[in-house]
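Visitor: here's my sequence, what's the structure:
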Amino acid sequence: MKAEIINNIHNSKQLEKLYRENKTSFTRAFNEVYEEIKENSVAKTWNERLNFEDENISWGTNKELLFVFALSLIAGLVAKIPQFALLNEDLFYQRNIGFIVFPFLCAYFAFKQNISTKKLSIIAVSILIAVLYINFLPNNSKSDTLLLACIHLPLFLWSVLGFTFIGDYDKNNNKRIDFLRYNGDVVVLTTIILIAGALLTGITLGLFSLIDVKIEDFYFKYIIIFGLAAAPIIGTYLVQTNPHLVNKVSPVIAKVFTPLVLVTLITYLFAVIAKGKNPYNDRNFLLIFNMLLIGVMAIILFSITETSKNSESKFAITILFLLSLVTIIVNAIAISAILFRISTWGITPNRIAILGGNILMFINLSMVTFNLFKTIKSGKEIEQVEKSIAIFLPLYCIWTMIVTFIFPLLFNFK
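Guide: Okay, the predicted model is just below:
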């Protein structure tokens, strides 16, 4: 993107095209090369345009706003299917929780980016196959593969969302990193929306209770359900139309939480040793250990994308390097514990699924840690670290598909 901006600095039409194709990447790349081209009058104009501090909230076009409202309403109706169709809520949500959010986020990005008909067809068919597949799996409450499929299906739908977000730029690593940034930003904004909704709920119920009007059942059955379904869609809409809302919040979160997570993780490892906890023989502890690993891995990826976006100091990158290094140790312990359990008690779907995910994370973390070390040593930009993250996203997607769609058949639905 940097080279394209420099080469087309006198071509206003091409610059505008590059900007509209990927506003976030264009803005970041432009700010990084601005010092080289700041004497150019076109560059000065673009600098003012991209870095103008607009405190007002943009609500986009009426067409886009109406589309988001329609998606939120339909998402709420999907969430209400068990009540409308008198289905078992636990069974429905276990299998279909991902379909309340991800298909509608895919629809939003397909609408916003005007992706090709071919891509749109692939997305629609993928979601349709997933709906039919997960709901036609045998209903066996003791089936490990059913549980694994239900857990991994939202991750598959998240991959479909990434495919939609990237659009016609399949091999564009910057687009993949932008997708990770989007996830971090939308989580931050959606959390704020949910906190505001919780406050509104408390105030509303409190006010009506003062006049002895009981609205709790109605409020929770309709307002809360529709609000929860709409929150990530509205959060996505606000992030895309008002990137400045979270541009300053996400880096602060990354900067504050990364060292805190590092200290917590090191303290936790020492506490595990002191307490004599053993992931090799304690199955529940191993599961918690893996949940911890996944959470820390997500924080590392989020922090790296935010660090690269905001040109943080060498200290911030060093903290990320240390956190990645400690996480590799945690990952290695988890892998060795799973291998021990497989060699001792045999192969099960759960053990193979966790082992495969851990091996992928170990390789990815090793690449990230190595590139962070090179970045610290050379003082160069963090782009190579970003690349080591981006190239691994399709591999996570493939493993998710294997666990979701192949494991139940491979292990005879057990």
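Visitor: residue contacts, the residue nearest to residue 403 when sequence neighbours are not counted?
Guide: In space, and not counting its chain neighbours, residue 403 is closest to residue 152: 4.5 Å by CB to CB, 6 or more residues apart in numbering. Glycine gets a C-beta too; all of them are placed from N, C-alpha and C. Counting by CB atoms under 8 Å, 6 or more residues apart in numbering, residue 152 touches 353, 400, 403, 404.
Visitor: show me what contacts residue 84?
Guide: residue 77.
Visitor: what about residue 42, how many neighbours?
Guide: Number of residues near residue 42 (other CB atoms under 10 Å) recorded here: 14.
Visitor: check the closest residue to it other than its chain neighbours and give its pLDDT.
Guide: The spatial neighbour of residue 42 that comes closest, neighbours along the chain excluded (CB to CB, 6+ apart), is residue 9 at 5.8 Å. At residue 9, the model reports a pLDDT of 83.
Visitor: how about residue 9, phi and psi?
Guide: phi -60, psi -20 (degrees, to the nearest 10).
Visitor: mind listing what's buried in stretch 233-250?
Guide: Neighbour counts over stretch 233-250 (16 or more other CB atoms under 10 Å) mark 233-243, 245-247, 250 as buried.
Visitor: I'd like to know which of the residues you listed are part of strands.
Guide: When DSSP state E is applied, the buried residues of stretch 233-250 are split such that none fall in strands.
Visitor: how about the helices in the stretch 101-250 of the chain?
Guide: In the stretch 101-250 of the chain, the helices defined using DSSP state H, counting those that start in this stretch lie at 102-113, 117-136, 144-166, 173-210, 216-218, 225-241, 244-247, 249-275.
Visitor: can you name every helix or strand that the first one contacts?
Guide: By that I understand helix 102-113. Where contact means 3 or more CB pairs under 8 Å, 6 or more residues apart in numbering; DSSP states H and E, helix 102-113 is packed against helix 62-79, helix 117-136, helix 144-166, helix 225-241.
Visitor: okay, these in CSV with distance to residue 414 and mean pLDDT next?
Guide: Output for the helices and strands packed on helix 102-113, formatted as CSV (distance: least, CB to CB, whole Å; pLDDT from 0 to 100):
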stretch, distance to residue 414, mean pLDDT
helix 62-79, 30, 93
helix 117-136, 17, 94
helix 144-166, 6, 94
helix 225-241, 33, 92
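Visitor: any chance of CSV for these, columns distance to residue 324?
Guide: Formatted as CSV, the helices and strands packed on helix 102-113 follow (distance: least, CB to CB, whole Å):
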stretch, distance to residue 324
helix 62-79, 36
helix 117-136, 32
helix 144-166, 22
helix 225-241, 27
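Visitor: where in the protein is pLDDT low?
Guide: Applying pLDDT under 70 to the chain flags residues 1, 21-25, 52-60, 168-172, 247-248, 250, 306-313, 379-381.
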